[in-house]
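In: one predicted model, sequence on top.
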Amino acid sequence: MIEFQNVMKRYQDGYEALQDVSFSMDRGEMAFLTGHSGAGKSTLLKLIMLMERTTKGHVIVGDQNLSKIHQRQIPYFRRHVGVVFQNHRLLYDRSVFDNVALPLEISGVNPREIGRRVRAALDKVGLLSKEKLSPIQLSGGEQQRVGIARAVVNKPPLLLADEPTGNLDPELSEEIMTLFSQFNQVGVTVLIASHDLALISHMAHRVIEINDGRMVQHA
Amino acid sequence: MRKQSDTAKKVSTTGAKTSDKPSALSSYLSHHQKTYKATFKQLLEQPLASFFTCAVIGIAFVLPALLTILLNNMQSVQHNWDGSAQITLFLKKGVPTLDGNMLSATIAKKPSITSSLFVDNDTALEEFKARFELQDAVDYLDENPLPHVILVQPDKSLKSIEHIEQIKNSLLKFPEVEGALLDVMWVQRLNSITELLQRAAWVIALMLGAAVILILGNTIRLFIENRKEEIAVVKLVGGTNAFVRRPFLYMGVFFGFGGSVIAWILINLTLYMLNGPIEDLAHSYQSTFNLSGFSFESTLLLIVLGMTLGWFGAWLSVRKHLDDIEPT
């Protein structure tokens, strides 16, 4: 599902965030991406999202070489990748429902279908009763679950998360991770960047570690 | 488009079923509806600021619109000038009355001439005496100094002075005709003034149009600044540039519409205030000239123009500022 081939990423200021990174993930796999802060986890996710482009090497997502995707095609590509952010990136001027509906509206799903799918996604994350509230009225954990609902409402084959539990206490973090596992169990490929090693260790999933922009090989 | 859907297909091999074709249009339309409603609501949330923007646009529209109205009125004056487009033919001394009458009849039969009237010099003198109360002065004259005259009325459908000038020249070729008079100097002058004003109107309209676009561009830029995060999120979840632009383009159209409405009110107010003095002025020239106001068509044109300009201003701004916002 994801394949990195000798990927190098150098930013315009000369900083090399990733050097010679190669790994691959199968369809339906779930993995954690770890490393200290500044190791290049976010850059790696950004490359998959096409928020950044590789300097050298290739990133292949779902049989598609991302270097060959034209700028104008990026939106259509992104509709098939769900992303969850540490700071949720919800829109506070609209309801929970409208936040989750956003990707569907963008894809041009018809309104009745939107209602059905949004409620299904909110039900999955356990927030069906709060669809009319503003995200501000929700707790941090609940906001993150809205973010997850928004990421999965389009039923993307690939789900990325960048420090999704960064601001949450251990109990809530575990809840969120369990949620990700559940999506993985229905066939979604999941890649989660996290430095919460304690939590990762008892999740029993593959761990991809990077250090100073390089892959750390595990035995 | 094909390439884009190919991209979609390749990635979505396992999940994400895109919506079926028939619902695509209805969903597109429903999104448009939702967008303009939301945008309108957003503008209403800042009523004063929105009103000011509209007012600036409206005021910028007033001057060119008033000039155009003035021009239309002047042109309608030119179109109503046929009464005075009369050619006066002076016959040579010694042409007998009978010949004059016959010539008049011949002229009347010519194409593009409605009628002609022979006035013999005696009748003319009588009229002259009666009109100017110069009975005594005229009586001193040994003989009638006036020539016979034929008053020729060209076809009323002839609008151009050049054409009537041509008729005059052809009439001059009759051997009995000494000279001809066509009193259209004032029409010619009016024509030049109209042309001058027309150009001025264009220049002013262009400059103020540019001003409107700049003002709108700046206003929209501020809205874009305020919604940077929203734009970034929309782009992250797969929003195209067109999707992101849409609310801002609607905003431009709304501002243009509001501006047109305010301009319409201001223009009618101005016309109302000007109508009194203009009627007085016209009255002093024994004319019943009436400043004709804003027709339904002009109102429609003003509104369409305003909305188009608003859209264009927003589009320029969005093009410059919005496409640069990439999620980080």
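Out: That came through fine.

In: chain B contacts on chain A?
Out: Within chain A, the positions near chain B by Cβ under 8 Å from any Cβ of the partner chain are A:27, A:49, A:51, A:61-64, A:69-70, A:72-73, A:75-81, A:83, A:89-91, A:93, A:102-103, A:105-111, A:113, A:150, A:154-157, A:187-188. All C-beta atoms are positioned from the backbone trio N, CA, C, and that covers glycine.

In: need the contact list for residue 153.
Out: I went with chain A, as the question did not name one. Residue A:153 makes contacts with A:100, A:101, A:103, A:104, A:117, A:118, A:121, as judged by Cβ atoms under 8 Å, 6 or more residues apart in numbering or on different chains.

In: not quite, go with chain B.
Out: Contacts of residue B:153 (Cβ under 8 Å, 6+ apart): B:86, B:113, B:114, B:115, B:116, B:117.

In: out of these, which is nearest to chain A?
Out: residue B:114 (66.7 Å; Cβ to the nearest Cβ).

In: quick one, helices of chain A?
Out: Ranges of helices within chain A are A:41-49, A:74-78, A:96-107, A:111-124, A:140-152, A:170-185, A:197-201, based on DSSP state H.

In: other residues contacting the last one?
Out: Which is helix A:197-201. A:32, A:34, A:165, A:170, A:173, A:174, A:177, A:194, A:207.

In: kindly write the ChimeraX command that selects the buried subset of those residues.
Out: Command for ChimeraX that selects the buried part of the contacts of helix A:197-201, burial taken from 16 or more other Cβ atoms under 10 Å in any protein chain shown:
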select /A:32,34,165,173,174,177,194
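
In: report the two of the contacts of helix A:197-201 separated the most.
Out: A:170 and A:207 (18.5 Å; Cβ to Cβ).

In: show the contacting residues for residue B:229.
Out: A:89, A:91.

In: please apply the same query to the one 5 residues further on.
Out: Listed by Cβ under 8 Å, 6+ apart, the contact partners of residue B:234 are A:102, A:106, B:243, B:244.

In: from those, list the buried ones, please.
Out: With neighbours counted by 16+ other Cβ under 10 Å, the contacts of residue B:234 contain buried members at A:102, A:106, B:243, B:244.

In: what is the burial count for the closest residue to residue B:127 other than its chain neighbours?
Out: Spatial nearest neighbour of residue B:127, chain neighbours left out: residue B:119 (8.0 Å); criterion: Cβ to Cβ, 6 or more residues apart in numbering or on different chains. Neighbour count of residue B:119, defined by other Cβ atoms under 10 Å in any protein chain shown: 17.

In: quick check: residue B:119 vs residue B:144, distance?
Out: From residue B:119 across to residue B:144, the span is 12 Å (Cβ to Cβ, to the nearest Å).

In: before we move on, what about residue B:97?
Out: Distance of residue B:97 to residue B:144, given as Cβ to Cβ: 12 Å.

In: over to the residue nearest to residue B:325 when sequence neighbours are not counted. Which of the three states is it?
Out: Distances taken as Cβ to Cβ, 6+ apart put residue B:231 closest to residue B:325, at 5.0 Å, once the chain neighbours are dropped. Three-state call for residue B:231 (DSSP: H, G, I helix; E, B strand; the rest coil): helix.

In: please give me every residue in contact with residue B:231.
Out: Residue B:231 is in contact with B:224, B:244, B:322, B:325, counting by Cβ under 8 Å, 6+ apart.

In: which among the residues you listed gets closest to chain A?
Out: Using Cβ to the nearest Cβ, residue B:244 comes nearest to chain A of the contacts of residue B:231, at 9.3 Å.

In: check that closest one and give its pLDDT.
Out: Per-residue confidence at residue B:244 stands at 89 (pLDDT).

In: ok, it touching residue B:319?
Out: No: using Cβ atoms under 8 Å, residue B:244 is not in contact with residue B:319; the gap is 11.5 Å.

In: what about residue B:213, how many residues nearby?
Out: Residue B:213: 21 surrounding residues under other Cβ under 10 Å.

In: name the element it belongs to?
Out: Residue B:213 belongs to helix B:185-226 when assigned by DSSP states H and E.

In: kindly report the same for residue B:279.
Out: Using DSSP H and E, residue B:279 sits within helix B:241-284.

In: any idea how far the residue nearest to residue B:127 is from residue B:101?
Out: For residue B:119 relative to residue B:101 (Cβ to Cβ), the value is 10 Å.

In: any idea what sits nearest the residue nearest in space to the middle of chain B, other than its immediate chain neighbours?
Out: Most central in chain B under Cα atoms, centre = their mean is residue B:68, positioned 4.7 Å from the mean C-alpha point. Taking Cβ to Cβ, 6+ apart, and ignoring the residues beside it in sequence, residue B:68 has residue B:201 as its nearest neighbour in space, at 5.8 Å.

In: ok, now which ones touch that neighbour?
Out: Contacts here follow Cβ under 8 Å, 6+ apart; on that basis residue B:201 touches B:64, B:67, B:68, B:71.

In: so what's it scoring on pLDDT?
Out: Listed pLDDT for residue B:201 reads 86.

In: hang on, the earlier thing: just the buried ones from the contacts of residue B:153, in PyMOL syntax?
Out: Only the buried entries of these go into this PyMOL selection, using 16+ other Cβ under 10 Å:
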select buried, chain B and resi 86+113+116
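
In: and the contacts of residue B:201, which is closest to residue B:305?
Out: The shortest gap between residue B:305 and any of the contacts of residue B:201 belongs to residue B:64, at 9.9 Å (Cβ to Cβ).

In: burial count for residue A:101?
Out: When neighbours are counted by other Cβ under 10 Å, residue A:101 registers 23.

In: likewise residue A:115?
Out: By other Cβ under 10 Å, the residues close to residue A:115 number 15.

In: which residues touch it?
Out: Neighbouring residues of residue A:115 by Cβ under 8 Å, 6+ apart: there are none.

In: just residue B:241 next, same as before
Out: Residue B:241 sits in contact with A:75, B:322, B:323, where contact means Cβ under 8 Å, 6+ apart.

In: out of the residues you listed, who's nearest residue A:145?
Out: Using Cβ to Cβ, the shortest approach to residue A:145 within the contacts of residue B:241 belongs to residue A:75, at 25.2 Å.

In: right, and the closest one touches residue B:239 too?
Out: Yes: assessed by Cβ under 8 Å, residue A:75 is found in contact with residue B:239 at 6.0 Å.

In: identify the contacts common to those two.
Out: Here residue A:75 and residue B:239 have residue A:106 as joint contacts, going by Cβ under 8 Å, 6+ apart.

In: once you drop chain neighbours, what's closest to residue B:270?
Out: Nearest residue to residue B:270 in three dimensions, chain neighbours excluded: residue B:66, at 6.1 Å (Cβ to Cβ, 6+ apart).

In: that neighbour: what's it in contact with?
Out: For residue B:66, the contacting residues are B:267, B:270, B:271, by Cβ under 8 Å, 6+ apart.

In: swap in residue B:143?
Out: Going by Cβ under 8 Å, 6+ apart, residue B:143 touches no other residue.

In: helix, strand or coil for it?
Out: coil.

In: which member of the contacts of residue B:234 is positioned nearest residue A:8?
Out: Distances from residue A:8 to the contacts of residue B:234, taken by Cβ to Cβ, are shortest for residue B:244, at 31.0 Å.

In: residues contacting the one residue sitting closest to the centre of chain A?
Out: With distances taken as Cα atoms, centre = their mean, the residue of chain A nearest its centroid is residue A:160 (1.9 Å). Contacts for residue A:160 (Cβ under 8 Å, 6+ apart) come out as A:45, A:48, A:49, A:81, A:82, A:83, A:84, A:190, A:191, A:192, A:193.

In: for it, give the beta-bridge partners.
Out: residue A:83, residue A:191 (DSSP bridges).

In: now tabulate the contacts of residue A:160 in a markdown table and tack on pLDDT and neighbour count.
Out: As requested, the contacts of residue A:160 are exported to a markdown table (pLDDT from 0 to 100; neighbours: other Cβ atoms under 10 Å in any protein chain shown):
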| residue | pLDDT | neighbour count |
| --- | --- | --- |
| A:45 | 92 | 22 |
| A:48 | 94 | 18 |
| A:49 | 91 | 20 |
| A:81 | 94 | 27 |
| A:82 | 93 | 28 |
| A:83 | 93 | 24 |
| A:84 | 93 | 26 |
| A:190 | 95 | 25 |
| A:191 | 95 | 24 |
| A:192 | 94 | 27 |
| A:193 | 93 | 23 |
